[in-house]
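A.B. asks: Provided below for reference: sequence and predicted model.
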Amino acid sequence: MKFLSGVYSLAALALAGLASAAAADRTAAIYIQPVSQSAVAPALLAEIAYDPSSPAETAEVISYEAPELPEEARLVRIGVYSASAGRWESSTSVASVDNFGKGYAPTLLLSVDEEGQVFGAALRGVRIDAGQTRDFGPKAVVLATRPGSQPELNKPVVLSPEGKNVVPEEKTFFQKYWWLIGIVIMLSMTGGGGGEQGK
């Protein structure tokens, strides 16, 4: 009986581990929309998989489809778009179509919050040098937000009994350096004179 309960508990742990591992990876669909006079619907640009616990190390481009842009378009909008709701789900950024030009590899930047939810997307074209690398495909970078640094506070403010700031009195030059003046006077008094030399 104990053996059977041990097997059940191990199976439950294994299933829980698989469920948490499957829930750990998230996928973000990045859309692109040309900014032009005519209304063009956003099209899927790429899908990026990342792990919210360590997004910077695990970002991977699952699928990428080079966009077909109209000739008159000079700018594109990049972001996370919900086709079912018909609206942008994240903040969007505007990029030049030159980022997709010859000699450039697109780098997709995702900004995620502490829970791993995408709140912004951007695109940057990185110039490639054929002599240094053979990896010309798109890359993904996930930037996770972190709490800002807190100010380091000094000692608390000292108030007088009336509730006003107590300003320490500034010391005069003689109060600060009296001991140096004493040393200089002592050296000058005890120093020997030139006297007669060489006779």
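C.D. replies: Done, it's in.

A.B. asks: paired strands for the helix or strand hosting residue 63, with orientation please.
C.D. replies: Residue 63 is located in strand 60-64, with elements delineated by DSSP states H and E. For strand 60-64, the paired strands and their directions (DSSP bridges) read strand 43-50 (antiparallel).

A.B. asks: got the residue ranges for the helices in the protein?
C.D. replies: Taking DSSP state H, the helices of the chain run over residues 2-24, 55-58, 173-190.

A.B. asks: lowest average confidence across the ones you listed, which one?
C.D. replies: Taking each of the helices of the chain in turn, the one with the lowest mean pLDDT is helix 2-24, at a mean of 49.

A.B. asks: who's in contact with residue 57?
C.D. replies: Shown here is residue 57, whose contacts under the criterion C-beta atoms under 8 Å, 6 or more residues apart in numbering are residue 51. C-betas here are computed from N, CA, C, even on glycine.

A.B. asks: let's go with 6 Å and repeat that
C.D. replies: When contacts are counted by C-beta atoms under 6 Å, 6 or more residues apart in numbering, residue 57 touches no other residue.

A.B. asks: what do you get for residue 122?
C.D. replies: For residue 122, the contacting residues are 93, 109, by C-beta under 6 Å, 6+ apart.

A.B. asks: and the strand holding residue 63, what's buried?
C.D. replies: 61, 64 (16 or more other C-beta atoms under 10 Å).

A.B. asks: likewise stretch 167-177?
C.D. replies: Of the residues in stretch 167-177, none is buried (16+ other C-beta under 10 Å).
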